[in-house]
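Engineer: Output the structure for:
(one chain, ligands or ions: 1)
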Amino acid sequence: MAAVAQAPQSLNFELPEDLKLLKSTIREFVEKELWPAAAQVEDSDEIPAAILDKMSEMGLFGLPFAEEYGGAGMGELGYCVALEELGRASAAFSNLLGAHCSIGAMALHLDGSKELKDRFMPQLCAGDKLACFALSEPNAGSDAANIQTAARRDGDLFVLNGVKHYITSGDIADFASVFAVTDRSLGARGGITAFWVDLNAPGITRGPNDKKMGLSGSHTCELIFQDAQVPADRVIGKIGAGFLTAMKTLDMGRLSLGAGCVGTSQLMLEKAIAHAKDRVQFGKPIARQQAVQFMLADMATEIYAARNMVYNGAWKADRAERFTIEAAMVKRYCSDMAIRVVDRALQIHGGMGFMKETGIERVYRDARILAIYEGTNEIQRMIIAEELLK
Ligand SMILES: Cc1cc2nc3c(=O)[nH]c(=O)nc-3n(C[C@H](O)[C@H](O)[C@H](O)COP(=O)(O)OP(=O)(O)OC[C@H]3O[C@@H](n4cnc5c(N)ncnc54)[C@H](O)[C@@H]3O)c2cc1C
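Structural biologist: Model prediction:
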């Protein structure tokens, strides 16, 4: 049948060749090396060093960043395609990359001076140094504008005091984007500054790793600043503009978080389909039961919607269009979607889904955080409504 009309160039849903190649390369890496290592990561609570080396070799730590700084220049869309595939592996891997690329180094990449980026981005892109993102505090989670960590100017230095908590990769990161109050009288917009901080400098200690419900192999901890001296040339962007940097960075992070949700959900759907075809009860495969079919149909429909949201949001980000509302919608929808999908996949597996051997109970536990970190889904709804009602 002849096409009704030629599709306009601006509406092309096909991934470019380089991203197709990236997708298949990462799929292979996940299937050959990451998925088989999931049980080991779960039991040891560590990512094997050999896998970290392989991730560096593959250039994963620099995927979204500009080639002039040593990155792969894949942009947000390319990064989301990669994270979608990595969503099929243990969450430890996407959390490590997420803390590093999506938010830790992203703050520097988005708003850092050329000098700072020339100096630090190449080692970050190579995976020689790891980054994390330190915004949350014990008394400032959803209300991030209320952070108390203070940065006092002292000549060519800023002196930081305060505590950040639940910081992903805080135990192993070399550097952090740290957000601190430089002028309390100005509030969040004008009074918070972003700093690029060497976490091995004097005055900074790391708390013990938190004991969590899931995410084995990905650790969170406190970062404690006690008269920690940060050179004034390590300010990311302008003094007082740090809250904006944090929000812009989180917009990016929310897209790639959504991409991971899509990959995880796709894997859960595939496992559910395979099991439903294989498992016979009442004399026929459970896939022949409409109740099971409807669960599969809902899973597939939601994944389809989520994937298109992610790609569209990332495409906007790469075109330097404003995408705050899309990022919040992606984060809200994709995370809730992933939690629903893994729940249904577990249900379709019956008792077997509850057993460790299928790996689904791990995904179920790991998925729960998706509705909480990088801004809870209630906060995403607030952002969406605020954008709508502007
Ligand atoms: C595993 C993990 C990793 C993390 N990694 C990082 C990291 O790398 N860097 C970092 O900076 N932070 C990180 N965090 C912190 C995370 O971003 C916060 O936990 C999150 O933003 C929620 O803050 P909170 O835990 O203080 O919850 P709270 O802000 O106390 O919220 C509790 C509940 O109240 C609701 N609520 C709060 N205010 C409102 C409101 N105005 N309207 C409606 N509902 C509201 C919330 O939605 C939530 O349901 C991580 C957290 C975890 C658990």
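
Engineer: Contact partners for the residue lying closest to residue 303 once chain neighbours are set aside?
Structural biologist: In this structure, residue 303 finds its nearest non-sequential neighbour in residue 265, 4.9 Å apart by CB to CB, 6 or more residues apart in numbering. Just so you know, the C-beta spots here come from the backbone N, C-alpha and C atoms, and that holds for glycine as well. For residue 265, the contact set (CB atoms under 8 Å, 6 or more residues apart in numbering) comprises 87, 299, 302, 303, 306, 337, 338, 341, 342.

Engineer: Recalculate using a threshold of 10 Å.
Structural biologist: 84, 87-88, 299-300, 302-303, 306-307, 334, 337-342, 344-345, 363, 367 (CB atoms under 10 Å, 6 or more residues apart in numbering).

Engineer: and if you look at residue 10?
Structural biologist: Counting by CB under 10 Å, 6+ apart, residue 10 has no contacts.

Engineer: would you list every one of the strands in the stretch 51-200 of the chain?
Structural biologist: 131-134, 150-154, 157-168, 175-181, 192-198 (DSSP state E, counting those that start in this stretch).

Engineer: could you dump those to CSV with mean neighbour count, distance to residue 293 and mean pLDDT?
Structural biologist: Listed next are those as CSV, based on neighbours: other CB atoms under 10 Å; distance: least, CB to CB, whole Å; pLDDT from 0 to 100:
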stretch, mean neighbour count, distance to residue 293, mean pLDDT
strand 131-134, 30, 42, 98
strand 150-154, 16, 57, 98
strand 157-168, 21, 38, 98
strand 175-181, 27, 47, 98
strand 192-198, 25, 50, 98
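
Engineer: circling back to that earlier point, mind listing which of the contacts of residue 265 are in helices?
Structural biologist: Judged by DSSP state H, these include 84, 299-300, 302-303, 306-307, 334, 337-342, 344-345, 363, 367 as members of helices.

Engineer: Can you show me the CA trace of stretch 322-342 as CSV?
Structural biologist: Provided in CSV are the C-alpha atoms of stretch 322-342 (Å, rounded to 0.1, in the frame of the first residue of the first chain):
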residue,chain,number,x,y,z
ARG,A,322,12.7,23.8,27.8
PHE,A,323,11.7,20.4,29.0
THR,A,324,11.0,20.8,32.8
ILE,A,325,7.4,19.6,32.5
GLU,A,326,8.3,16.7,30.3
ALA,A,327,11.0,15.6,32.7
ALA,A,328,8.7,15.7,35.6
MET,A,329,6.0,13.8,33.7
VAL,A,330,8.5,11.2,32.6
LYS,A,331,9.8,10.7,36.1
ARG,A,332,6.4,10.5,37.6
TYR,A,333,4.8,8.2,35.0
CYS,A,334,7.8,5.9,34.2
SER,A,335,8.6,5.2,37.9
ASP,A,336,5.0,4.4,38.8
MET,A,337,4.7,2.4,35.6
ALA,A,338,7.8,0.3,36.4
ILE,A,339,6.5,-0.4,39.9
ARG,A,340,3.2,-1.6,38.5
VAL,A,341,4.9,-3.7,35.7
VAL,A,342,7.2,-5.5,38.0
